[in-house]
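Q: Need the 3D shape of this:
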Amino acid sequence: MEANFSYWERSSFIDNADVIIIGSGLVGLSAALHLKQIEPALKVLVLERGFLPSGASTKNAGFACFGTVSEQLEALEHSSEYEVARLANYKWRGLQRLRRNLGDSNIDYHQHGGYELFMADEAKLAEEHIAKIPCINKLLQQAIGSDSIYSAADHKIADFGFDNVSRMIFNPFEGQIDTGKMMRAILNKVCDAGILVLNSCEVTNIEQLNNGVHLKTSQGNFKTAKLILATNAFANQLFPDLKVIPGRGQVLITKPITDLKLKGTYHFNKGYYYFRNINNRVLFGGGRNLDFEAEATWDFGHTEKVKQQLTAYLNEVILPGQNVEIDYWWSGIMGFGEDISPIVKLVEPNVFCAVRCNGMGVAMGSLVGEEVAGLALQSL
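A: Below is the predicted model of the structure:
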């Protein structure tokens, strides 16, 4: 059925976009802003298939981090020291860019530091990781601008009231944000810049035609000179050759807790589990390592295996013996790959992509968006 657009709708909303961006998450909106900052006359349109951003930008835990000691060591197993340091620097610069672009108060940014926990049965593993702290600090010194990034912090375990935790590593450079406020802030900037975001508009097909890119969507057809794909984990749905694997993160949040002792961000089991205090509630997520295959999905939802494990850790480790009430659950879809770097490149003529943030979208999203916008600007 042909779309029933009026002349006014076509002329003001639909036709003649210089650049269309698919995806209204942090990457897509950062790209849109950068395009308008460099070329204010450009007509930039953002299409989002969801009522809200569909991936992880409004569903993540709000960690402003660049990796634990475990994650750095795991990255070193697959990548060079240069590449690990380069990516840590990229994340660090991305966080500073996010703060500069939106303002700390607008995203509720606080740098309380982050902690990596090791369980009682991980004493040997903890010793090995703590012994490697000097090497990791030296490796990342230039990337972060300090030689005192990670340090043992066992003396703080009792302060937080954890049970079954034997060792702990502290990173003072880790922060936290309010994800909802972040997205509201960037949407406000996008609106002020004259960028239009159309929600509930799913792109179903992309084709090259008459020196431009034509898009078929659930709301009608669009044409643009340049197209940017910023759909992260969902990139394969439009371009199957892109090496992006979806990874679902399941998350719970408790009801408010009186005198909650948590302050900062917390990770354990190589970052596969993560939790924090948000408005005197515990936000706790992770567990996709319990069944990677099941969690490599584009489907939102939950599994009993993950829910049971998160609930057990909540009641036995984080808040032992308190039997706190869980308020509700949600899930978000992240994009992963064997390479630790995001994919920012030309996919086909006039079509660019900025995807695969490997669960670090808050840290990398601002720079990834600017990077892909720069590629598109070079060809306009």
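
Q: Leu377 contacts Leu35, correct?
A: Yes. With contact defined as Cβ atoms under 8 Å, Leu377 reaches Leu35; the gap is 6.7 Å. From N, CA and C alone the C-beta is placed, and that goes for glycine too.

Q: between these two, which one's more packed in?
A: A side-by-side neighbour count of Leu377 and Leu35, using other Cβ atoms under 10 Å, places Leu35 first with 28 against 15.

Q: mind listing what the more buried one touches?
A: Residues near Leu35 by Cβ atoms under 8 Å, 6 or more residues apart in numbering: 19, 42, 44, 373, 376-377.

Q: Out of the residues you listed, the closest to Asn350 would be?
A: Minimum distance to Asn350 across the contacts of Leu35 is 8.7 Å, recorded for Ala376 (Cβ to Cβ).

Q: and the residue nearest to the closest one when sequence neighbours are not counted, bridged to which residues?
A: Distance criterion Cβ to Cβ, 6 or more residues apart in numbering; nearest residue to Ala376, sequence neighbours excluded, is Lys226 at 4.8 Å. In this entry, Lys226 is beta-bridged to Val19, by DSSP bridges.

Q: right, and the pair among the contacts of Leu35 with maximum separation?
A: Maximum distance among the contacts of Leu35 (Cβ to Cβ): 11.3 Å, for Val44 and Leu377.

Q: where exactly do the strands run in the stretch 151-300 of the chain?
A: 151-152, 165-171, 175-176, 196-198, 203-209, 212-217, 220-229, 245-254, 265-268, 273-278, 281-286 (DSSP state E, counting those that start in this stretch).

Q: how many neighbours does Ser148 have?
A: 12.

Q: Return the distance of it relative to Asn232.
A: 33 Å (Cβ to Cβ, to the nearest Å).

Q: And Ala185, by the same measure?
A: 20 Å.

Q: right, and the residue nearest to Ala376 touches Phe352 too?
A: Yes. Between Lys226 and Phe352 there is a contact under Cβ under 8 Å: 7.1 Å.

Q: Mind listing the shared neighbours of the two?
A: Any residue near both Lys226 and Phe352 by Cβ under 8 Å, 6+ apart counts here, and that gives Ala376.

Q: lowest-pLDDT helix or strand in the protein?
A: Here the helix or strand of the chain ranked lowest by mean pLDDT, DSSP states H and E is helix 7-9, holding a mean of 90.

Q: and that helix, what does it pack onto?
A: For helix 7-9, not one helix or strand is in contact under the criterion 3 or more Cβ pairs under 8 Å, 6 or more residues apart in numbering; DSSP states H and E.

Q: Poorly predicted segments of this structure, please.
A: 1-2 (pLDDT under 70).

Q: For it, which segments are assigned as helices?
A: Per DSSP state H, the chain carries helices over the ranges 7-9, 26-38, 69-76, 81-102, 104-107, 123-131, 133-144, 157-160, 179-192, 292-295, 304-313, 361-378.

Q: Throw those into TSV and include distance to Pro172, thanks.
A: Output for the helices of the chain, formatted as TSV (distance: least, Cβ to Cβ, whole Å):
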stretch	distance to Pro172
helix 7-9	52
helix 26-38	24
helix 69-76	14
helix 81-102	13
helix 104-107	16
helix 123-131	16
helix 133-144	10
helix 157-160	16
helix 179-192	22
helix 292-295	31
helix 304-313	25
helix 361-378	16
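
Q: between these, which gets nearest to Val347?
A: Set against Val347 and scored by Cβ to Cβ, the helices of the chain come closest in helix 361-378, at 10.5 Å.

Q: quick one: buried residues of the closest one?
A: Residues 361-373, 375-376 are the ones in helix 361-378 that count as buried (16 or more other Cβ atoms under 10 Å).

Q: What is the burial count for Val190?
A: Neighbour count for Val190, taken as other Cβ under 10 Å: 21.

Q: go on, the one 10 residues further on?
A: Other residues lying near Ser200 total 12 when counted by other Cβ under 10 Å.

Q: Test my guess that it contacts Gly50.
A: Yes. Taking Cβ under 8 Å as the definition, Ser200 is a contact partner of Gly50 at 7.1 Å.

Q: Can you give me the neighbour number for the spatially closest residue to Ser218 that is not a sequence neighbour?
A: Leaving aside its chain neighbours, Ser218 sits nearest to Glu202 (4.3 Å; criterion: Cβ to Cβ, 6+ apart). For Glu202, the count of nearby residues is 15 (other Cβ under 10 Å).
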